[in-house]
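Undergrad: Below is the sequence, then the predicted model.
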Amino acid sequence: LLIVIGCGMALGRAIANALFLKRFAIDYLPLVYLLQGSVCFVASLLYAGVADIISAERFFKMLLALLAMAVLVFWALISPSADPLLFPAYFLFYEVVSEVLLIHSALYLNQNLNTLQAKRLSPIIFSGLQIGTILGGLFLAAYAPALGTRNLLTVWVTLLLLALLMVALRHHWKGPSPYFRAARKSAHTLRSMTLQVQQGFRFAWDSQLLRSATIAMVFMVITYYIINYSVKRVYTDSYASEDSLTAFFGILTTSTSALALLVQLLLTNRLIQRFGVPTVNLFYPLASLGSFAAMIFHLGLPSAVVASINIEAVMPAFHNPVRTIFLNALPQHIQGRARAMSLAIVLPVSLAVCGILLWFLQQFDDPLYFLIPGAAAAGLFVYFSIHMN
């Protein structure tokens with residue numbers, strides 16, 4: 001299932017980036033960050049309201065069906081003469097969808113494995129996302145110039161429907177998720193959803209683990225998106241057409257995902273067992289700080305690729321599995337809301353700070369004006385990750 005989802009997300013991300021960067025403009029990316037935070041906040045509240053009420057497989061089926069219809073609509077609307085606002089709209093759609101899919105995949109895994117199984121198997125199972133991303137990247141590199149960036153959306157629709165079929169068949173044969181425990185429903189749906197959200201916020205405030213993780217994640221998000229913005233400026237200047245840029249994203253995605261997969265399968269579990277979760281939790285923050293140091297020294301294609309390796313390989317190989325282990329320590333009945341509240345609190349604040357900062361600093365010609373604040377955010381990410389441990 002995660003292979004299929006990862007393959008589709010690889011296609012969706014490359015299409016979103018190429019269409020936005022070539023048909024709109026990267027100078028508006030900071031404003032999209034601001035909008036993205038607001039949209040993710042609303043999506044997170046809606047997700048938090050239902051995540052612990054219905055089973056993960058039921059929500060998955062509804063989500064995948066809605067996404068397939070939405071992507072098909074975007075495919076029908078996108079054309080050479082399409083409204084320019086369609087491209088930031090699709091970019092926002094992908095960013096929100098990718099966050100919800102990742103969060104819900106983790107919750108789905110949690111409802112089908114016990115804590116010991118999840119600790120031992122999460123890095124291996126989540127490697128399916130990397131395998132799918134590799135396959136998606138290879139497909140992009142081979143067929144993006146021939147099919148055209150827009151027509152790749154139909155392939156994503158096919159993959160979403162395939163994932164829906166897989167979830168439906170598995171639970172038709174195996175029954176419901178064995179570790180799902182529904183929160184108490186209210187007679188009034190809206191009141192019930194409001195109660196779920198309130199309880200999620202209260203737990204996020206009361207739990208020292210979740211509170212510490214949230215502060216560290218604020219600076220992680222700022223660090224990630226400043227790196228993302230920096231490398232996209234380089235890639236946009238390096239490739240002339242959207243199809244060539246899409247093909248490049250395919251090659252980059254294949255390379256970084258293959259590296260992430262090898263590390264995740266061969267090293268992540270061993271390093272966690274040898275050095276412990278707190279130590280491995282510092283790998284990604286320190287690598288991010290090193291990425292900024294390389295880009296400050298010289299912002300070009302080599303340093304941009306190194307920074308992309310960090311956010312596309314080091315992050316999924318180390319940070320994501322470790323964060324899943326941290327969150328698995330939370331009470332079972334609150335996990336869906338806790339994950340959603342973390343996203344609802346962190347993304348709007350972090351993206352607002354990042355978007356405002358980049359919007360003003362990009363007016364200066366020297367990239368140091370946004371690289372140095374990014375390095376400072378990475379330093380704080382390291383600091384709070386240490387205290388989180």
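TA: Everything's here; your move.
Undergrad: next SSE after the helix or strand of the chain with the lowest mean pLDDT?
TA: Every helix and strand in the chain was compared by mean pLDDT, DSSP states H and E; the lowest is helix 189-206, with a mean of 61. Toward the C-terminus, helix 189-206 is succeeded by helix 208-238 as the next helix or strand (DSSP states H and E).
Undergrad: Show me how far that following helix is from its chain's centre.
TA: In terms of Cα atoms, centre = their mean, to the nearest Å, the centre of helix 208-238 is found 11 Å from the chain centre.
Undergrad: got it, and stretch 131-138?
TA: For stretch 131-138, the separation from the chain centroid amounts to 16 Å (computed by Cα atoms, centre = their mean).
Undergrad: quick one: average confidence on that stretch?
TA: Averaging pLDDT along stretch 131-138 gives 92.
Undergrad: Would you mind extracting the C-alpha trace of that stretch into CSV?
TA: What follows is stretch 131-138, C-alpha atoms only, in CSV (Å, rounded to 0.1, in the frame of the first residue of the first chain):
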residue,chain,number,x,y,z
ILE,A,131,10.3,2.3,-2.9
GLY,A,132,7.2,3.9,-4.4
THR,A,133,9.0,7.2,-4.7
ILE,A,134,11.8,5.6,-6.5
LEU,A,135,9.4,3.9,-9.0
GLY,A,136,7.6,7.2,-9.4
GLY,A,137,10.9,9.1,-10.0
LEU,A,138,12.0,6.5,-12.7
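Undergrad: mind listing what residue 37 touches?
TA: Shown in contact with residue 37 (Cβ atoms under 8 Å, 6 or more residues apart in numbering): 347-352, 355. (Each C-beta comes from the backbone N, C-alpha and C, glycine too.)
Undergrad: residues of the lengthiest helix in the chain that come out buried?
TA: When the chain is parsed with DSSP state H, its longest helix is helix 115-147. In terms of neighbour count (16 or more other Cβ atoms under 10 Å), helix 115-147 has its buried residues at 118-119, 122-123, 125-141, 143-144, 147.
Undergrad: tell me which strands and helices it is in contact with?
TA: Here helix 115-147 touches helix 2-23, helix 86-112, helix 152-174, helix 242-263, helix 269-275, helix 320-328, going by 3 or more Cβ pairs under 8 Å, 6 or more residues apart in numbering; DSSP states H and E.
Undergrad: Was I right to think residue 63 contacts residue 104?
TA: Yes. Counting by Cβ atoms under 8 Å, residue 63 does reach residue 104; the two are 6.8 Å apart.
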